[in-house]
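Asks: output the structure for:
(one chain, ligands or ions: 1)
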Amino acid sequence: MKNIGILLSGRGSNFEAIAKNVATGAVRNAHIAVVISNKPDAGGLETARKLGLNAVAIPSKGKDRESHDREVVAALKQHNVDLVCLAGYMRLLSPWFVQQFPQRILNIHPSLLPAFPGLEAQEQAFAYGVKVAGCTVHFVDEELDHGAIIVQKAIPVLDSDDEHTLAARILEQEHIAYSEAINLVLSGKFKTAGRRIVKT
Ligand code: GRF
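Replies: Presented below is the predicted three-dimensional model:
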């Protein structure tokens, strides 16, 4: 059984999808050991409490990056976390944090990286006029939205879309993609060749 630690800052729909898949066994041999938010009022924390999970607020406001990260890493280690999943966690991790969990931190981003890193990726993609959009689950390294890609899901951009309908359809794919990536990483059945993650 592997322990997952979730970091979030907001509504937490990706966390909820993961929690559901852990509960049904669609995410195999895993347990959500702790849900941590840097925003005490995050909806995702409330959901975690309702699900009976350990829910911890570690406010980031007014703290420098590394001292906040040290508190978060201490909480993750206290709960024996094997895999850290960023699910709408709106903070860049310090290099020190990344080094604490080598190839053990995942992030989800609502674009087909390397297109449209950063904030409001769906709006960026829509405004750019792309015909295909999607989401990416990747390992976290020291650069924003940059580490090796584990899973991507693509969807067509419809002529009838606006940025909201597009974002909603990307989100549906995010909820599928994250659990797929977690299963692959926890199974250990992959190898890394440069930036390429290949199933074994
Ligand atoms: C998602 O779009 C995710 O890709 C991005 O932040 C958003 C979080 O949404 N990193 P939610 O909190 O999981 O609903």
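
Asks: mind listing what F139 touches?
Replies: If a contact means Cβ atoms under 8 Å, 6 or more residues apart in numbering, then F139 has 103, 105-107, 147-148, 150, 197 as its contacts. Yep, even glycine has a C-beta here, placed from its N, CA and C like the rest.

Asks: at 6 Å what do you get?
Replies: 103, 147-148 (Cβ atoms under 6 Å, 6 or more residues apart in numbering).

Asks: count the residues that sit near the spatially closest residue to G43 that is not a sequence neighbour.
Replies: Counting by Cβ to Cβ, 6 or more residues apart in numbering, the nearest residue to G43 once its immediate chain neighbours are dropped is R11, at 4.4 Å. Neighbour count for R11, taken as other Cβ atoms under 10 Å: 15.

Asks: show the contacting residues for G44.
Replies: 8, 12, 15.

Asks: re earlier: and the residue nearest to G43, how far from Q152?
Replies: 23 Å (Cβ to Cβ, to the nearest Å).

Asks: again with A75
Replies: On the measure of Cβ to Cβ, A75 and Q152 end up 30 Å apart.

Asks: likewise for K61?
Replies: K61 is 33 Å from Q152, by Cβ to Cβ.

Asks: ok, these two, which is more surrounded?
Replies: Q152 (17 against 8).

Asks: contacts only, for the closest residue to the ligand within the chain.
Replies: Residue nearest to the ligand within the chain: G88 (2.7 Å; Cβ to the nearest ligand atom). For G88, the contacting residues are 8-10, by Cβ under 6 Å, 6+ apart.

Asks: picking up where we left off before, how about the secondary structure of the residue nearest to G43?
Replies: Of the three states, R11 takes coil according to DSSP: H, G, I helix; E, B strand; the rest coil.

Asks: quick one, phi psi at it?
Replies: Dihedral pair for R11: phi -70, psi -30, per degrees, to the nearest 10.

Asks: was I right to think it contacts D41?
Replies: No. Taking contacts as Cβ atoms under 6 Å, R11 lies outside contact range of D41: 11.0 Å.

Asks: for V56, which non-adjacent residue is closest in space?
Replies: I36 (4.9 Å).

Asks: what does the helix or strand hosting that neighbour rub up against?
Replies: Using DSSP states H and E, I36 sits within strand 30-37. With contact meaning Cβ under 6 Å, 6+ apart, strand 30-37 is reached by 1-8, 19, 22, 45, 48, 53-58, 72, 75, 79, 81.

Asks: buried among the residues you listed? Need that as a selection in ChimeraX.
Replies: Those of the contacts of strand 30-37 that count as buried under 16 or more other Cβ atoms under 10 Å are selected in ChimeraX with:
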select :2,3,4,5,6,7,8,19,22,45,48,53,55,56,58,72,75,79,81
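
Asks: ok, which of the contacts of strand 30-37 also contact the ligand?
Replies: Near the ligand, judged by Cβ under 6 Å from any ligand atom, the entries from the contacts of strand 30-37 are L8.
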